[in-house]
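Colleague: Prediction below, plus the sequence it came from.
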Amino acid sequence: MALIEASIDDRDPRSGHGMWLRVFVQNRLAACGLVIIALITVFCFLGPVVYHTNQVQTDPLNAALGPGAGHPLGTDGVGYDILGRLMLGGQSSLEVGLAAAFLASVWGTAVGAVAGYLGGVVDGLLMRMVDALLAIPSLLLILLLASVFTPSTLMLIVVITFVSWPSTARLVRGDALSLRSRDYVLAAKVVGADGPRIILRHIVPNSIGTIVVQTTFEIANAILLLAALSFLGLGVPPPAANWGGMLTDGLNYIQVGYWWLIYPAGTAIVLTVIAFNFVGDALRDALEVRLQRR
Amino acid sequence: MPDLLVVKDLKTHIRMRHSTVEAVDGLSLTIKAGETVGLVGESGSGKSMTGMSIMRLLPPGGHRAGGTIALEGRDISAVSEREMRRIRGNDIAMVFQDPMTSLNPTMSIGEQIAESVRVHRGASATQGMERAADVLALVGMPKPKERLEAYPHQLSGGLRQRVVIAMALACEPRLLIADEPTTALDVTIQSQILDLLDDLKSRLNMAMLLITHDMGVIARCADRTMVMYAGRIVESADTPTVFRHMHHPYTQALLASIPDLDTDRNDVLYSIPGLPPDLSRPHQHACRFAPRCRFAQDLCRQEEPTLLAHDRNHEVACFFPVAGLFSTSGSADARRDWARPSGGAGDAPVAADQPLLVLDHVVKAFPITAGVLQRRVGSVKAVSDVSFSVSKGDTFGLVGESGCGKTTLGRLIVALEKPDSGSVRFGQDELSAMRGRLLRRKRRDVQLMFQDPYASLDPRMRISSTLREPLAVQHIGSRHDQDERMSQALSDVGLAPRSLGLYPHEFSGGQRQRIGLARALSLEPQLIVADEPVSALDASIQSQVLNLMRRLQNEKGLTYVLISHDLSVVRYLANRIGVMYLGKLIEIGTADDVYGAPAHPYTHGLLSAVPVADPMFARRKGVAIMGDLPSAVDPPSGCRFRTRCPRAAELCATTEPPLRPFGVSSHLAACHFPLETPLQPAAAGVSTDSPFLERRHPDHVNED
């Protein structure tokens, strides 16, 4: 039939299953980021198996030693081996960072999408709540919460989630506001789709770029918040460790030039944050189906 | 006359990330002083890139890969950027498509016009403003001196385009490049702007390169026409020759695929199969149109034809030129046997039928709020007291300018909006009173087809998910049944089954519109509201979609409500037509009555403003509708059309005219001084109730 277009015949019939993975892998920076994250994870969680150190008892006699035999990265102010402590601290930093960022994104997305899609009174109420939370400095809020509850890893995740979700909600709500008037959302309404379906099938997938990028920022943010809490003594008490705590401990010695107390933890934080940002950036591109070429 | 602009063998390439698009490939054109040359082609044919190449305003990655451009014998393709800046706006000026984006919203229009005079002529601020007032008067801006201080957002679309033209004229350029100057405007405004361009050209002895996709605009304005296809000129001749005695099969097919106001509705439109070639792929030595050409032979696929003089001043790039207009009679290629049988529903609505859709005094206004407290300061009266009914199997066309409320009315019918008062009845149910689960179920019967086929498909969903959604939402069938219905819907609209796994961006505009139609069809609705279904598509694709809509209607007994500003499209599909103006239905009747003997002056003006793809007809000056559409926030008293009506009298300002019957077949119009004689003279101040519902459907009224 002359009227039928047969021009799609030359397309790849395998279509795009796993296409986003291919796009993702093609991105050099993303691969880099993934490798860094993998290395850091292995270092933190498998490192202690090979490299045994005592991270429970302090050792004042060997405090603040520079890098050398026995202590490749030196020891800190109370005699903990820095390399071993980096592994231990990385465990809690990664756990808290990932978990808090994930929870904050899920909750923030839910609130933002509902508020943006429904609009009106619901939107007004939810967004005033977000405004209120954003208006209080997060550190103040977190201090308040951390001083009320007994610090534990789980508790810290909850507390950091609580202060992180509003910014995600705000961003997703903005997306949802513009998405809800798109023709394809109207089309879904016309076929009889209800609110939850539209939110889950149309609004959230189309703001995934925002959500993913925001999540990677939240990971970095959570790691830094954890650091701030430890600095103020509201983190999990010693001998538990995290990178931020190590960094802030090291700051006490910055005047005397004990660089090994700062650089290792600092580098670890910066590397992790950058790696997650690379991955987030590439994820956003990979999930953008319109950029997929075949 | 001397040659003003000579372009020789222009090649423009655009570097993309992974490929190079050869947007213009060996184009030559000559424009004489005072001449209007029309460059016509589908989107992606390289016509805009030609204009941009001449102006040297190519997008990032674009560059001139070869050829020369000479203005009055001087090669301007080699001059420095600094020199080029002196030429732009001074010797060659440009008018762009969208007047909103081509004006700076933070500068007053006076300053913007004065800018080019100050830059090129070194005029002082006062001199610049004086010149600005002069050119504004020249382009027919009412009260030009007072408008100098106005900002673009304070002007209507038509006036804005006048400002853009005034800016281009400020330095009296010798060549004006107008790139789709009227595409973003309504027909009534379009005809005003085209008249203006014509008038200016003759008064200023300025040459014009008119770039457009609209054959009607070309027919009306151009002295000479060049038809572009896939980066090359395929035919070039005097405008009447191109339209009447064309030799290239593409020109012939393009013209045959455009419905005009006289097209027999029982005809199937000719449509060009396939899609234009992808210019980023290296092309073989072959005619670029060959894959879509009815006359292609082996030679066409082996060698590329060059543009050769055929007759005097008539150049064609084709090995097997055709002779003149496409003759539709008896051509088996053009007419399919599934064409609507003559004497069928297309001619007379079956009056005994119970109406499928009834709109009864529907009113919808959108509040305008201001301030923090969302105080209500007024309302946009989008739809004011509209009543009509549509019988099963009918196509009801709704026409009017943008802002007349036709889209809102469409949304009211599919229950995306609720009327403020009045009711929308579908069959036995009052759609406007239904809500929740009941309404969601009822939605199966009434579906919507969108204007922009890309925006109406979720970019993150594969076609399979998009087509499955209606079925899943309505809990229809098992997964296997759904799969079957999806492939059925796809084959109904003529797409390959493998489309299911693809994403919307992998399709062309026409294919996407087919997918939109497949989605609407998957619930087997009785009524489809099609809101500008083809206005985002190219002419050759338009006819494919129109034919498809026609065929599906016949196969499935669909009823359409067709909303469009394109009167030819409505004329082609619809058998009954309603004309809307500023929220009011001002004329309604069968297509033949409304188009053949319009009673309302607005309908008449609208019809004569439609650009017709025929140079003989197009140059005939019609009764133009003057001025702009008034605001729907504060519509004129009495007859809403009176501010633009040539026949308006005092009565029109005081009393709103009721709809009254003309002729026999329920042809109604709301006018005190109609162009046709009404059946009974209306007394001033009679009720505005439409007698139409009662007259036409006594059965239905009795039931209520």
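Modeller: Thanks, I have the structure now.

Colleague: Would you mind listing what in the stretch 101-250 of chain A touches chain B?
Modeller: Neighbours of chain B within the stretch 101-250 of chain A, by C-beta under 8 Å from any C-beta of the partner chain: A:182-184, A:186-194, A:197, A:201-202, A:205-206, A:208. All C-beta spots, glycine's among them, are computed from the backbone N, C-alpha and C.

Colleague: Give me the buried subset of the residues you listed.
Modeller: A:182-184, A:186-193, A:201-202, A:205-206, A:208 (16 or more other C-beta atoms under 10 Å in any protein chain shown).

Colleague: The residues you listed in helices, which ones?
Modeller: With DSSP state H as the criterion, helices contain A:Asp183, A:Tyr184, A:Leu186, A:Ala187, A:Ala188, A:Lys189, A:Val190, A:Pro205, A:Asn206, A:Ile208 from among these.

Colleague: And the furthest pair within these?
Modeller: By the measure C-beta to C-beta, A:Val190 and A:Ile208 form the most distant pair in those, at 24.0 Å.

Colleague: Could you give the separation of stretch B:562-570 from the chain centroid?
Modeller: 8 Å (C-alpha atoms, centre = their mean, to the nearest Å).

Colleague: for chain A, which helix is longest?
Modeller: Under DSSP H, the helix in chain A containing the largest number of residues is helix A:82-118.

Colleague: Taking helix A:183-190 as reference, get the angle to that helix.
Modeller: If you take axes from the mean of the first three to the mean of the last three C-alpha atoms, to 10 degrees, helix A:82-118 sits at 60 degrees to helix A:183-190.

Colleague: What helices and strands are in contact with helix A:82-118?
Modeller: Packing partners of helix A:82-118 (3 or more C-beta pairs under 8 Å, 6 or more residues apart in numbering or on different chains; DSSP states H and E): helix A:28-50, helix A:120-135, helix A:153-179, helix A:195-198, helix A:208-231, helix A:243-251, helix A:263-287.

Colleague: Just the buried positions in it, please.
Modeller: Taking 16+ other C-beta under 10 Å as the criterion, helix A:82-118 shows A:82-105, A:107-117 as buried.

Colleague: Run the chain-centre distance for it.
Modeller: 5 Å.

Colleague: pLDDT of that helix, averaged?
Modeller: Helix A:82-118 shows a mean pLDDT of 91.

Colleague: Can you list the low-confidence ranges for chain A?
Modeller: Scanning chain A with the threshold set as pLDDT under 70 gives A:1-24, A:289-294.

Colleague: Would you mind measuring from the residue nearest the centre of it to A:Cys44?
Modeller: Centroid check for chain A by C-alpha atoms, centre = their mean gives A:Ile219 as the closest residue, at 1.9 Å. Distance, A:Ile219 to A:Cys44, by C-beta to C-beta, to the nearest Å: 15 Å.

Colleague: again with B:Gln97
Modeller: From B:Gln97 over to A:Cys44 (counting by C-beta to C-beta), the distance is 58 Å.

Colleague: the more surrounded of the two?
Modeller: Neighbours were tallied for B:Gln97 and for A:Cys44 using other C-beta atoms under 10 Å in any protein chain shown; the higher tally belongs to A:Cys44 (22 against 19).

Colleague: need the contact list for the more buried one.
Modeller: Contacts of A:Cys44 were listed using C-beta atoms under 8 Å, 6 or more residues apart in numbering or on different chains, and they are A:Leu86, A:Met87, A:Leu88, A:Gly90, A:Gln91, A:Leu94.

Colleague: who in the stretch 151-300 of chain B is up against chain A?
Modeller: Residues of the stretch 151-300 of chain B lying close to chain A (C-beta under 8 Å from any C-beta) are B:Ser271, B:Pro273, B:Gly274, B:Leu275.

Colleague: Quick one: buried ones out of the residues you listed?
Modeller: Counted by 16+ other C-beta under 10 Å, those give B:Ser271, B:Pro273, B:Gly274, B:Leu275 as buried.

Colleague: Break down the stretch 351-500 of chain B into its helices, ranges please.
Modeller: B:406-413, B:436-442, B:463-473, B:479-492 (DSSP state H, counting those that start in this stretch).

Colleague: secondary structure class for B:Ala123?
Modeller: What DSSP: H, G, I helix; E, B strand; the rest coil gives for B:Ala123 is coil.

Colleague: show me what contacts it?
Modeller: By C-beta under 8 Å, 6+ apart, the neighbours of B:Ala123 are B:Ala114, B:Val117, B:Arg131.

Colleague: Show me which of these is closest to B:Arg292.
Modeller: Of the contacts of B:Ala123, the one sitting nearest to B:Arg292 (C-beta to C-beta) turns out to be B:Val117, at 47.6 Å.

Colleague: for the strand or helix carrying the closest one, packing partners?
Modeller: In this assignment (DSSP states H and E), B:Val117 forms part of helix B:109-121. Helices and strands touching helix B:109-121, by 3+ C-beta pairs under 8 Å, 6+ apart, are helix B:125-138, helix B:157-169.

Colleague: buried ones in the strand or helix carrying B:Val21?
Modeller: Assigned by DSSP H and E, B:Val21 belongs to strand B:20-32. Neighbour counts over strand B:20-32 (16+ other C-beta under 10 Å) mark B:Val21, B:Glu22, B:Ala23, B:Val24, B:Asp25, B:Gly26, B:Leu27, B:Ser28, B:Leu29, B:Ile31, B:Lys32 as buried.

Colleague: average pLDDT across the next helix or strand after that strand?
Modeller: Toward the C-terminus, strand B:20-32 is succeeded by strand B:36-40 as the next helix or strand (DSSP H and E). Strand B:36-40 shows a mean pLDDT of 92.

Colleague: if we can go back for a sec, just curious, which of the contacts of B:Ala123 is nearest to chain A?
Modeller: B:Ala114 (36.9 Å; C-beta to the nearest C-beta).

Colleague: Return the residues in contact with the nearest residue to the closest one once chain neighbours are set aside.
Modeller: Distances taken as C-beta to C-beta, 6 or more residues apart in numbering or on different chains place B:Gly128 nearest to B:Ala114, at 3.0 Å, with adjacent residues excluded. B:Gly128 makes contact with B:Ile113, B:Ala114, B:Glu115, B:Val117, B:Arg118 under the criterion C-beta under 8 Å, 6+ apart.

Colleague: Could you export these as JSON lines, including pLDDT and neighbour count?
Modeller: Putting these into JSON lines (pLDDT from 0 to 100; neighbours: other C-beta atoms under 10 Å in any protein chain shown) gives the following:
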{"residue": "B:Ile113", "pLDDT": "90", "neighbour count": "28"}
{"residue": "B:Ala114", "pLDDT": "91", "neighbour count": "27"}
{"residue": "B:Glu115", "pLDDT": "88", "neighbour count": "17"}
{"residue": "B:Val117", "pLDDT": "88", "neighbour count": "25"}
{"residue": "B:Arg118", "pLDDT": "89", "neighbour count": "18"}
